[in-house]
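Chemist: Output the structure for:
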Amino acid sequence: MKSKLFVLLFIVIFSKGIRGQNDLPYIFTDNKNNDLISFSFKREAAKAYNLLQVPQSKDEWNTRREKLKEAILAHARVSYNHDLPLEYSETAIYKKGEFLVKNIFFQTRPDLFATANLYIPEGKGPFPAVVVAMGHSRNGKLFHEYQALGQTLAMNGYVAIAIDPWGAGERTTVHGEFEYHGANLGASLLNVGETLMGVQITDNMRAVDLLSSLPFVDSKNIGATGASGGGNQVMWLAAMDERIKAVVPVVSVGTFQSYILNSNCICEALDGGLTFTEESAVLGLIAPRALKICNGLRDSNAAFHPREMLRSFNGAKTIYRFYDAEENLSYQIFDTPHGYFPEMRETMLGWFDLHLKNKGTDTPKKEKPFAPLPESELMVFPKGQRPEEIVSTAEYCFNQGSLLRAKMLSDTSMNIREKKEELKRIVRISDNYDLKNVHQFSNVNNWERYVLETTTGDLIPLLLYFPNKSSREYVLIANSKGKDWIDTDLIDGLIARGTGICIVDLWGIGESASSEAKHIDGSLPEFHTLFRSALWLNQTMQGIWIGQLDIVLNWLVNSHQIKEITIDADRELAVASVLSSVLGNKADKLILREMPLSYLFDKSGDINYFSMAVHIPDFLLWGDMSLAVAMSGKDITFIDPVTISGRELSCKEIEAFRTEVNHFSPHLEKRSEVHFLK
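Modeler: Numbering: from 1, shown residues only. Next up, the predicted model:
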């Protein structure tokens, strides 16, 4: 009997732990099987695929081609200067049987250098050359699959350059400590007006510059290959740079439609891409040059499944026909999982022999035996001895952010109306996003249950607890993890005071969560999948939340006799609350918990303290949170404010924030009142 009671008690405690700290009623009972976000995003992606068809005539394609290239360069924020000196340096040379390995670094952007390995065949040359792009390996060019590419290319008469991607290999935050270059690290580039895709395109175009400058390279015969993220890189490189004569992207081609609600790196996200192109047209930009696509039949990433690749291949084939170059477009499907396997490398060698050496018939070429090289020999610098010219993503974001903040603080001619319009543009507020219907459900434990339906079909679940008769004050509570995580003491205290309460689960959170996106995220930061998917569709999570906050606030004010309304929000939703206030929401006060007081990159905290939803493309080009707080004109109380990496702020840093807020007061009609609590 005692054992049964113990089991029952354990079940009760455990089930409550799953729900959280309170016992608030639910509205949606089967959200797992009714994932509206997944349905909505996939519908938008399918619509984009149907509308973004490749042209059906060469004249139409010629008209579109240059505009498409310009759009890609602009949306990826590519910054490329062909005339920038390469300032190429070697740190070591190793003789390895039939080839040499040189450890090098070279300038890709002003005062920014990339580390790389250069694999060089025996002989005088000139040799054809290949850009080898890395995927998502934390150790970059040291990963055995990328070593294999460099070695096998060199043993078959090709110069190969393998570059560490931004944030990986020897370009990590701490030299010699390898980390994932995507997720929150790579997304931090967005805040300073860059993209991980864009900086990689620049690196790879500069690699072509470097290869073309070497006396032992045949600059008229340069190819490119890579797997997964590296395959994506070489696709974009070949599409943007016509010096690439032949390209082999491996386990990377699918459709952009299939990227939505699937697992891909932030380096594979083209901001707003699905508003103007599908992958078939990007592949078409490579025509009439040689393109061989390799995919794995057992690839676990649905975005790269052969069925998706074939849809893009068939679209690209239409464009290759315009040039009578169908023989230069090919694909092969291998019975392999995700990776660059020996049979794929042999196929790559056959393709490059035909198109870069004018030898053979495109049949696979047997690979010669080789062994992985010691990591110590491929490191350009000894561990911990990287020079300052090799700038990590963290250092770059901090340096650029500091320059942008200095520019903001020195601006003496700020136009507040223009700043509001600019903010509306960068968070991507839709003018068509509004309330369509209000659905009321039965009361539970004195909580009125409502669902607000938007004009786009989103459903916003909320709970109302009415104030006592002498009060017309409401507190709107929005928790970044959902209403189950709201502190019971907060709710009980408001009820005891007689204050009205509105509790809302905004888009992607709590009852409004996407079960599919959460499953795909896995060990990645929260909202990794939703953030990237929104970006492809030219949306931001902050913009979606701002729109929903406005709908809820407008409905509360218009439907109830409210004297005063306070937003109580935390973390990423605290940011949305401030930005919503800048754009004119109907709240009177804000209580903001654990909000970042600046978007300036902070290397001393936890890069994953905030979810991916915190990032806003171009935000530091617009200003920073001090400007937003000043422009809100609200009474704001900060509780436990932090840096963008979650580090607790010192008293000195808090006072500096106050000073910044006050700095903008002369430009504003209404002054914000700022308070801090621990």
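
Chemist: Determine the set of other helices and strands touching the host helix or strand of Ser280.
Modeler: Assigned by DSSP states H and E, Ser280 falls within helix 279-284. For helix 279-284, the packing partners by 3 or more CB pairs under 8 Å, 6 or more residues apart in numbering; DSSP states H and E come out as helix 58-75, helix 229-240, helix 306-322. In this view, the C-beta of every residue, glycine as well, is placed from N, C-alpha and C.

Chemist: quick one: contacts of that helix?
Modeler: 52, 54, 61, 64, 68, 72, 235-236, 239, 253-256, 291, 293, 311-316, 318-320 (CB atoms under 8 Å, 6 or more residues apart in numbering).

Chemist: Any idea which of the helices and strands packed on helix 279-284 gets closest to Thr566?
Modeler: Set against Thr566 and scored by CB to CB, these come closest in helix 58-75, at 38.6 Å.

Chemist: Return the list of strands paired to the next helix or strand after the closest one, each annotated with direction.
Modeler: Note on helix 58-75: by DSSP H and E, the next helix or strand toward the C-terminus is strand 89-96. Here strand 89-96 is paired, per DSSP bridges, with strand 99-109 (antiparallel).

Chemist: Mind listing what's buried along the helix or strand just after the partner strand?
Modeler: Sequence-wise, the next helix or strand downstream of strand 99-109 (DSSP H and E) is strand 112-121. Under the neighbour-count criterion of 16 or more other CB atoms under 10 Å, strand 112-121 has Leu112, Phe113, Ala114, Thr115, Ala116, Asn117, Leu118, Tyr119, Ile120, Pro121 buried.

Chemist: What is the nearest of those to Val629?
Modeler: Closest approach to Val629 among the buried residues of strand 112-121 (CB to CB): Leu112, at 32.6 Å.

Chemist: Phi, psi for the residue most central in space within the chain please.
Modeler: The residue lying closest to the centre of the chain (CA atoms, centre = their mean) is Ile266, at 3.4 Å. With angles defined as degrees, to the nearest 10, Ile266 sits at phi -60, psi -20.

Chemist: Verify the stated contact: it with Ala183.
Modeler: Yes: counting by CB atoms under 8 Å, Ile266 does reach Ala183; the two are 6.6 Å apart.

Chemist: Give me the contacts around stretch 383-390.
Modeler: The contact list for stretch 383-390 (CB under 8 Å, 6+ apart) reads Phe105, Asp111, Leu112, Phe113, Ala114, Thr115, Glu170, Arg171, His175, Gly176, Phe381.

Chemist: Show me how far that stretch is from its chain's centre.
Modeler: Put simply, stretch 383-390 sits 27 Å off its chain's centre (CA atoms, centre = their mean, to the nearest Å).

Chemist: Show me which positions of that stretch end up buried.
Modeler: By neighbour count with 16+ other CB under 10 Å, stretch 383-390 contains the buried residues Arg386, Ile390.

Chemist: for stretch 161-181, same thing?
Modeler: If you call a residue buried by 16+ other CB under 10 Å, then stretch 161-181 has these buried ones: 161-172, 175, 178-181.

Chemist: So which helix or strand of this structure has the lowest pLDDT on average?
Modeler: When the helices and strands of the chain are scored by mean pLDDT, DSSP states H and E, helix 2-19 comes last with a mean of 40.

Chemist: What is the burial count for the closest residue to Trp166 other than its chain neighbours?
Modeler: Nearest non-adjacent residue to Trp166, counting by CB to CB, 6 or more residues apart in numbering: Val199, 5.1 Å away. Neighbourhood size, Val199 [other CB atoms under 10 Å]: 26.

Chemist: Give the other helices and strands that the helix or strand encompassing Val199 contacts.
Modeler: In this assignment (DSSP H and E), Val199 forms part of helix 196-213. In this structure, helix 196-213 packs against strand 99-109, strand 112-121, strand 127-133, strand 159-163, helix 183-191, strand 217-227, helix 229-240, with contacts taken as 3+ CB pairs under 8 Å, 6+ apart.

Chemist: CSV for the ones you listed, including distance to Asn558?
Modeler: Shown next, in CSV, are the helices and strands packed on helix 196-213 (distance: least, CB to CB, whole Å):
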stretch, distance to Asn558
strand 99-109, 51
strand 112-121, 52
strand 127-133, 54
strand 159-163, 57
helix 183-191, 35
strand 217-227, 55
helix 229-240, 47
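
Chemist: Indicate which one of these is closest to Gly633.
Modeler: helix 183-191 (24.3 Å).

Chemist: Now name the helix or strand holding Ile503.
Modeler: Here Ile503, judged by DSSP H and E, is contained in strand 500-504.

Chemist: If you count contacts, what does that strand end up packed against?
Modeler: On a contact count with 3+ CB pairs under 8 Å, 6+ apart, strand 500-504 meets strand 459-465, strand 473-478, helix 488-497, helix 541-559.

Chemist: ok, and for the longest one, which residues are buried?
Modeler: Along helix 541-559, the positions that meet the burial threshold by neighbour count (16+ other CB under 10 Å) are 541-553, 555-556.
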